[in-house]
Every structure is written in structure tokens, then in C-alpha cells.
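S.K.: Just need the structure, nothing else, for what follows:
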Amino acid sequence: MTKVEGQVPWKHGAALLEEIAETTPDTGSLALWHIGQSGFVVKAGRSTLVFDPFLAPSSERMRRTWEPPFAAGDLTGADFVFCSHDHGDHLDPVAVQGIAAASPRARFIAPPAAHGRLAALGIPPQRIIAAEVGETRSYDGLTVHAVPAAHGDLRDPVAEYVWEAHPERGFRFVGFLVEVNGVRLYHAGDTTIYPGMVDRLIPLRPDLALIPINGRDWFRERQGIIGNTDAREAADLGHAIGADVIVPMHYDMFAGNPGKPGWFAEYCAETYPEQGFHVPARCKRWRYTK
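M.R.: Below you'll find the predicted structure:
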């Protein structure tokens, strides 16, 4: 699409939602749309999965670099919504409430530590599924395995990255290994690399690995910005766990917390020339076939 003054140069709104609804990948394949930050819509056969949707409009507190590609209340037909943790750009009240209303059969999969927030947003218990670390559960054609993620809250002067269970709240931050339509997709959530992470993920045999690349540093942490793996670490992690294709995420939404997909692509191509990777275009359908 050619950019025209005043127009969004990528598919959005009704046209994007129509494309999502009409896409039905064959067995052994998925269709993915990157909708910003760590958000993806994934079609698997006739099932629609949504990962960490951040669809709130720009605000003084969370000033976006680009506006949501569609209104959350217009996304009908969602089957499962995954929220990796309770930070606002991953468990977004606007997205959760809008999708819940527009897709009444959608269920929300999140670590138990986030269930209180989902309940406060009006999601009834029967629509909430616990993502329990170390357990593999199946629901309507998909299998879900939650793994710990290393993230945290601010501790002056640097963030405290936690990947172990809290004695009362359990695991606050998780990633998801989802097997659906014959493909194994790993969505890392917000995470850095922690001891034992690679050993946890190798047996899960991910085909696709969606990993953040915004990185972290002392200056951003002083501003309360908790970081993740950077471009190089994402490539190293995806390769180490045996992913067929690595997809970078969490790099495009906030001017003060960006990532560099070009750095990721350059490093991955130079260091692992046999490794598949894909940098998703904004809201453009991409098909993965195993």
C-alpha cells in the first residue's frame, strides 16, 4: 500500500479484521499478524488466538508510536486470548474488555497471579484459564504449556528480574508454548534469559519462537522501564532452543523503549546462516508452514 497523506499505509480496521476472519490455514500451518508490541493475532485452522493484545489508544502515560490497528470491540470470533502477565501493555484493560464483549466465547489464558486483574475487568471465572507452569493442558484443539519468564518490578536503582514462583502469588510472568494445527508456537512474553531456561524449552520443540528484542539498560531502568532480551540474545535464545523460525517482537510501540529488528536480522544472518527468521511487517499476514 502506498502511503497517502492522512492515511495509514498498512492494512487496518475493517479490511484487516475481514482478512483475519476469512483466513483458514491448512493443517501444519499458521497465519500471523503482528498488531504491535508483543501482540499477535494467529489463525490456526478455524481457531483465532490472540497473544498479548495492546489496543488502548495513546495516552499521556502510555504514548504510542502508532495507533491500534483496530478497535478491540470489533474483534469478533476470538477463541483464546493469552496474557503473559499483568503489565498494561500485555494485559490491556481496553483489549480485554473489548474482545470479551465482541467475542463472547473467547477464554482468557493467563498465570493465576493475573486472574484478579481479569476478574476486576469483568471477566467471569468460567472464561479464565490458569496457565500453570510445568503443566500441559488441552482445550478445543490446542495444547498449552506455560514456562517461566524473567521479568519484574522496579527496584531502585535497577529492576529485579524474577523467574521463580512467589510463595503466595506463584509465577507472575510466563511465556506460552502452544501446539495448534500441527505447529508449536512459543510466545516468550516479557523475559530475559535465566538459568535453566534453554533446558526447559528444548524438550518443547518450538517451530516458531516469538521473542522480545527491546533489551534493557541502567538508564531505562532508572525511568521505571523494565527490559527484556535484546536483538542478539533473542537470536541466540531462539537458535539454542532449536526453533525453526525466530520472530522478533516488542520493539515498535514506545519511543523510549524501542528495539532494533535490523540489528536482529543482521546478527542472526551472520551468526546462524542456517537459522530461519522473519521480521513481521506491521499488520501484514504472514503464513508459516511446518
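S.K.: neighbouring contacts of the helix or strand containing residue 17?
M.R.: Assigned by DSSP states H and E, residue 17 falls within helix 13-22. Residues from elsewhere that reach helix 13-22, judged by Cβ atoms under 8 Å, 6 or more residues apart in numbering: 11, 33, 41, 43, 48, 69-70, 74-77, 283, 285. (Each C-beta comes from the backbone N, C-alpha and C, glycine too.)
S.K.: now with 6 Å?
M.R.: Here helix 13-22 makes contact (Cβ atoms under 6 Å, 6 or more residues apart in numbering) with 41, 69-70, 74, 77, 283.
S.K.: got a winner among those for most neighbours?
M.R.: Within these, most neighbours by other Cβ atoms under 10 Å means residue 41, with 25 neighbours.
S.K.: Just list the residues touching that one, thanks.
M.R.: With Cβ under 6 Å, 6+ apart, residue 41 has these contacts: 20, 33, 50.
S.K.: got the residues you listed as JSON lines, with distance to residue 260 columns?
M.R.: As requested, those are arranged in JSON lines below (distance: Cβ to Cβ, whole Å):
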{"residue": "20", "distance to residue 260": "28"}
{"residue": "33", "distance to residue 260": "22"}
{"residue": "50", "distance to residue 260": "26"}
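S.K.: Which two of the contacts of helix 13-22 have the greatest separation?
M.R.: 77 and 283 (17.1 Å; Cβ to Cβ).
S.K.: Just read off the phi/psi values of the residue nearest to the spatial centre of the chain.
M.R.: Against the mean C-alpha coordinate of the chain, by Cα atoms, centre = their mean, the closest residue is residue 38 at 3.8 Å. Here is the backbone geometry of residue 38 (degrees, to the nearest 10): phi -100, psi 20.
S.K.: I figured it hits residue 52, correct?
M.R.: Yes. Applying Cβ atoms under 6 Å, one finds residue 38 in contact with residue 52, separated by 4.2 Å.
S.K.: Any stretches of this structure with poor pLDDT?
M.R.: 1-6 (pLDDT under 70).
S.K.: Mind jotting down where the helices sit in it?
M.R.: 13-22, 93-102, 115-120, 197-201, 218-222, 231-240, 261-271 (DSSP state H).
S.K.: now, of these, which is deepest in the fold?
M.R.: helix 231-240 (a mean of 23; mean count of other Cβ atoms under 10 Å).
S.K.: what angle do that one and helix 261-271 make?
M.R.: Note on geometry: by axes from the mean of the first three to the mean of the last three Cα atoms, to 10 degrees, helix 231-240 and helix 261-271 are set 50 degrees apart in direction.
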